[in-house]
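> coords please:
(chains A and B)
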Number of protein chains: 2
Amino acid sequence: MTKKATVEELKTIGKSVLTDIKNVDIPKLVIPMRSTSNLVFDKNNSCYVLGNKTLIRSGGNIRHIKKLAQFLKVAAFCKDLVKGEKRHVTKRELYYISESWGPNLKFNEQPESDDIIEDIEASLSKPSEDIKIIPNPKGAIYGNITLRFKNPKGETMVINCLNTADGQQIGPRTAEAEFVKTDADKVIAIETGGMYNRLIEENAHEKFNAILINLGGQASRSTRRIIKRLNEELKLPVYLFVDSDPFGMHIAMVIKSGSAKSAHINKRLATPPAQWLGVTASDIIQYKLKTDKMRDLDIKRIKELQNDPRYKNNKRLQKELTIWLKLGKKAEQQALLKYGFKFVVEKYLPEKFRELKAPGFR
Amino acid sequence: MTKKATVEELKTIGKSVLTDIKNVDIPKLVIPMRSTSNLVFDKNNSCYVLGNKTLIRSGGNIRHIKKLAQFLKVAAFCKDLVKGEKRHVTKRELYYISESWGPNLKFNEQPESDDIIEDIEASLSKPSEDIKIIPNPKGAIYGNITLRFKNPKGETMVINCLNTADGQQIGPRTAEAEFVKTDADKVIAIETGGMYNRLIEENAHEKFNAILINLGGQASRSTRRIIKRLNEELKLPVYLFVDSDPFGMHIAMVIKSGSAKSAHINKRLATPPAQWLGVTASDIIQYKLKTDKMRDLDIKRIKELQNDPRYKNNKRLQKELTIWLKLGKKAEQQALLKYGFKFVVEKYLPEKFRELKAPGFR
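Numbers count the residues shown, from 1 in each chain, chains lettered A, B, ... in the order given. Model (predicted):
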């Protein structure tokens, strides 16, 4: 069981400190360093990871003692959450919960507790969700997939997402749910709720044998995790359907390669085989889409992405960045509606799936 | 059937123009004026409504012709949507769909199409959702309520929201669903996803016999509609649980009284009997909550609200605004977590329900 393993790992941290104390050594923690000086770009997975540098929080250093104690307190608190199986807390909740831990342990500002959470993530090489620290519920999943989960009373429940009216909101129980059964052979993750609804209403889930995910803009970590799980556990290819602008492209890239900020856990959050489906810059030309003029911010972003290592060795992405820059224009995914409701499922997506060699479209 | 009535109302608009043409009169539309000069404050319902001023779009005025034609085109398009029963469009989709209507009818910028939609809303005194124009799916509903809805294939489906893992996302099918059965005797609408998850995990829906709604910040119109329907159709009292700051209070007020911007349909969107539960300014003192200093923006907002007619005659709200101003501090709903996980369901909410005379707490 993963949960048991997590509890053991948390216990091991505590035990090492206990051993130090019993041996009359100065207690200390060795933690992977998360500063930019320890960021390494993993070319194989095309994502940032941490290097080998570590930092030591030592009980012998007066400036370390508080953080050392807070690390242990949060780790112990999370160990109980994992064992309890019922509760999850947001980062913000954890910050307020610390109010009851007394003046020596409580956090004065939320960045302090967030920092400790990331230290624990880095120490375990596990995202905070594994120790029951979660983001706000956001986004949704729809399609023919049956999930098994425990409700708050601990009862086992089963739901097929096709039986919901507008999809199952993605919160902690959905993100952790067991995948019981699916006939789907792919996942389509969609940037806007509007296009997500369009695909539901055009029956895209059935037509393409797909699970549909509403990202609701930038994907939350729970959403990124369920996408990764669908890809890893069920071997489903993942297609990322976003606006035709550098920000949309980057929403796709964060799902695919993670972010620099989460380098310490990218390998557990990112889905490297996920593919950016579009809307591409070329699509603007090919489909004569209605465009908006790029803002300075868009152009600045494109220039950053051109030099970003995640984009650097990818010819397709580089080409598209260049086209945007030349056009000076961007488009929203809804712009495809100029050809009517059905165009996106009858023409656009099939063509994309053929291009990307999706199952059923080779 | 409401749908039939809506189709008839839309047809009536078209017929009046046809009659003008047949009589060789200049075709025209008479539309309620939505400018601030026609805003009236309805003291009984404590919300803004439109006065009696109207404007005329006349085929005899060269500057009116395009808007007149666009109004009719959008109305006809929506009539087909209502009859079709399957599809809903977002405002943004409608804007792009107009690309296929030719150079005389298509919209150049989205504010133009949004404006026409609001004219139609005002003409029908119905929110755009009644003519199938919807916001992006957002927020969620959880608890013991059974919904009946049609899936995109037109099949009738039934779901009890208690059978979902993290709640049913609120999209068009949820907002329109028939309420089949509920044992709940109240609705709690919650500002943050984090607190919504807390209430699920503390079993608040069972303990308080409540339907829980995740607003996800400012409530979307679909969410405001389902809240109104739960209140009107099922006679369930509604409690609004938000952050302790003027912006949280105003999230509650918009659900209760609508916004000035939607004066033309407030009566169809607002839920006047809904009650602001808290977190109040007094709660900060009573529960010694951890606070943040107010920003200039918060203070400016409080001063605006003190003079807003929706707040003016409400002693309770005025008192709370004064307390915030005196404190110079605000608090988040998660601040209640300083007393542990259970406090919010074991102490805070019961005390609030007693104060507000909720069912089961008199």
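> for the stretch 251-362 of chain A, which spans come out with low pLDDT?
Residues of the stretch 251-362 of chain A meeting the criterion pLDDT under 70: A:362.
> for the residue in the stretch 251-362 of chain A positioned nearest to chain B, give me its contacts.
When scored by C-beta to the nearest C-beta, the stretch 251-362 of chain A has A:Lys338 as its residue closest to chain B, at 3.6 Å. In this view, the C-beta of every residue, glycine as well, is placed from N, C-alpha and C. Residues counted as contacts of A:Lys338 (C-beta atoms under 8 Å, 6 or more residues apart in numbering or on different chains) are A:Leu289, A:Lys290, B:Tyr96, B:Ile97, B:Glu99, B:Ser100.
> just among these, which is most surrounded?
With neighbours taken as other C-beta atoms under 10 Å in any protein chain shown, the top of the contacts of A:Lys338 is B:Tyr96, carrying 25 neighbours.
> for the closest residue to that one other than its chain neighbours, which three-state class applies?
Among residues not flanking B:Tyr96 along the chain, A:Leu337 sits closest, at 4.2 Å (C-beta to C-beta, 6 or more residues apart in numbering or on different chains). At A:Leu337 the chain is in helix, as set by DSSP: H, G, I helix; E, B strand; the rest coil.
> I'd say A:Leu337 and A:Val345 touch.
No: assessed by C-beta atoms under 8 Å, A:Leu337 is found out of contact with A:Val345, at 11.8 Å.
> the two - which one has more neighbours?
Each of A:Leu337 and A:Val345 has its neighbours counted (other C-beta under 10 Å); A:Leu337 has more, 27 against 18.
> now do the same contact list for the residue nearest to B:Tyr96.
Contacts of A:Leu337 (C-beta under 8 Å, 6+ apart): A:Arg198, A:Phe343, A:Val344, B:Val89, B:Glu93, B:Tyr96, B:Ile97, B:Glu99.
> inside helices: which ones of the residues you listed?
Using DSSP state H, A:Arg198, A:Phe343, B:Glu93, B:Tyr96, B:Ile97 are the members of the contacts of A:Leu337 that sit in helices.
> just checking, the last one touches A:Gly340?
Looking back up the chat, that one is B:Ile97. Yes: with contact defined as C-beta under 8 Å, B:Ile97 reaches A:Gly340; the gap is 7.3 Å.
> what helix or strand does the residue nearest the centre of chain A sit in?
Among the residues of chain A, the one closest to the centroid is A:Arg224, at 2.9 Å (C-alpha atoms, centre = their mean). Using DSSP states H and E, A:Arg224 maps to helix A:221-234.
> list of residues touching that helix?
Contacts of helix A:221-234 (C-beta under 8 Å, 6+ apart): A:127, A:129, A:134-135, A:137-139, A:141, A:170-172, A:174-175, A:179, A:182, A:187, A:189, A:211, A:213, A:215, A:219, A:236-238, A:254-255, A:268-271, A:273-274.
> chain B contacts on the stretch 101-250 of chain A?
Residues of the stretch 101-250 of chain A lying close to chain B (C-beta under 8 Å from any C-beta of the partner chain) are A:134-138, A:140, A:147, A:149, A:151-153, A:157, A:159, A:162-174, A:177, A:192-194, A:196-198, A:200-203, A:206, A:214, A:216.
> out of these, which are inside helices?
Short answer: these in helices (DSSP H) are A:Pro172, A:Arg173, A:Thr174, A:Gly193, A:Gly194, A:Tyr196, A:Asn197, A:Arg198, A:Ile200, A:Glu201, A:Glu206.
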